[in-house]
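Undergrad: I'll drop the sequence and a predicted model, then ask my questions.
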Amino acid sequence: MAITGRWPRAVFYDSKTTLFNWAGSWRGAASQLLKKYGSAVSEQEFVETWVRGFEGLHRRAAFFRYTQVTDIVREALLNAYRMFGIRGTPNDVDVFLDLQEKVELFSDTEAALQNQQNLGVKVLIYSDVETKYLQMYVAKFKKFKADFVGTTEEAGVAKPNPRTYQWVLRKTGLEARDVLYCAAPTFDIQGAMSAGMIAAWLRRPEGRLSKETHTAGDLAADFEVESLHDVTRILELNRRPH
């Protein structure tokens, strides 16, 4: 479906679980920590509990004082430990952080983003992870270079607070109407749409760590896609002369 008269000047991307496969660091850390403490809890059960806790704390932090993702991951880990009766320590989060170097691109990421730039569209990458970790991720690109790379750490406001998306728009000189937003997490889509952007929800089966949840008040995404190549087709369909 074309959006009559609209030309997206930019595609605005979430990073982890959308462009980069963050799941391995959670599963790898869970496996190491459960082995370290001799726990009989299954890796999947532990990961889902840890991630659900992280997601809840993350949403709360978006509307209060900015909190680094590392601290939220640590707090969620300690909560999971308490739930399963594991006597872990706060320093165990270092196992997760050490695995950030191994976060890889999804198979469609680089080719799709290059094709989108070739259409004359700017590609923006924005993340809740701290800047040093996002730099690790984008260093995985072999040829592609984003037009903008930024983090909520720089903005001082976490997702899904609409103010954090507006910060990116100001930094890039774009308006919400200029942008197609794309993310895999549903809370991220809700924040971007609240900031006025048209959004594509990426229903990527790989990389999911917890069950996707919607509430009755959620806005429906303008598009649902299964790969980043689908995003390219949306841009081609809506292409208009400058």
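TA: Looks like it came in fine. Numbers count the residues shown, from 1 in each chain.

Undergrad: pretty sure residue 183 sits against residue 204.
TA: No: between residue 183 and residue 204 there is no contact under CB atoms under 8 Å: 10.0 Å. For every residue, glycine as well, the C-beta is placed using N, CA and C.

Undergrad: who has more neighbours, these two?
TA: residue 183 (28 against 19; other CB atoms under 10 Å).

Undergrad: on the pLDDT front, check the more buried one for me.
TA: pLDDT for residue 183: 96.

Undergrad: relative to residue 17, how far out is it?
TA: Residue 183 sits 8 Å away from residue 17, going by CB to CB, to the nearest Å.

Undergrad: same check, this time on residue 62
TA: 17 Å.

Undergrad: what do you get for residue 67?
TA: 19 Å.

Undergrad: between the two, which one's more packed in?
TA: Using other CB under 10 Å as the criterion, residue 67 and residue 17 rank with residue 17 on top: 20 against 16.

Undergrad: name the nearest residue to that one, ignoring sequence neighbours.
TA: Leaving out its chain neighbours, the residue that sits closest to residue 17 by CB to CB, 6 or more residues apart in numbering is residue 184, at 4.4 Å.

Undergrad: count the residues that sit near the one you found.
TA: 23.

Undergrad: hang on, it packs against residue 204?
TA: Yes: contact criterion CB under 8 Å: residue 184 and residue 204 qualify, at 5.1 Å.

Undergrad: contact partners for residue 83?
TA: residue 49 (CB atoms under 8 Å, 6 or more residues apart in numbering).

Undergrad: how far away is residue 24 from residue 13?
TA: 19 Å.

Undergrad: those two: who's more crowded?
TA: The residue with more neighbours, out of residue 24 and residue 13, is residue 13; 27 against 14, by other CB under 10 Å.

Undergrad: helix or strand right after whichever strand or helix holds that one?
TA: Assigned by DSSP states H and E, residue 13 belongs to strand 10-14. Moving toward the C-terminus from strand 10-14, the next helix or strand (DSSP H and E) is strand 20-21.

Undergrad: in which helix or strand would I find the residue nearest to residue 53 when sequence neighbours are not counted?
TA: Distances taken as CB to CB, 6+ apart place residue 76 nearest to residue 53, at 3.8 Å, with adjacent residues excluded. According to DSSP H and E, residue 76 maps onto helix 69-84.

Undergrad: okay, the helix or strand following that helix in PDB with CA atoms only?
TA: Remark: after helix 69-84, the chain's next helix or strand is helix 93-98, criterion DSSP H and E. Output of helix 93-98 as PDB, limited to C-alpha atoms (Å, rounded to 0.1, in the frame of the first residue of the first chain):
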ATOM      1  CA  VAL A  93      26.500  -8.800  34.700                       C
ATOM      2  CA  ASP A  94      30.000  -8.600  33.400                       C
ATOM      3  CA  VAL A  95      29.500 -12.000  31.800                       C
ATOM      4  CA  PHE A  96      26.700 -10.400  29.700                       C
ATOM      5  CA  LEU A  97      28.800  -7.300  28.900                       C
ATOM      6  CA  ASP A  98      31.800  -9.400  27.800                       C
END
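
Undergrad: distance-wise, check the residue of the chain most remote from its centre relative to residue 74.
TA: Relative to the centre of the chain, the most outlying C-alpha is that of residue 38, 31.7 Å out, by CA atoms, centre = their mean. To residue 74, residue 38 is 21 Å away according to CB to CB.

Undergrad: ditto for residue 114
TA: 36 Å.

Undergrad: more neighbours: which of these two?
TA: residue 74 (19 against 16).

Undergrad: for the more buried one, which non-adjacent residue is spatially closest?
TA: residue 93 (4.1 Å).
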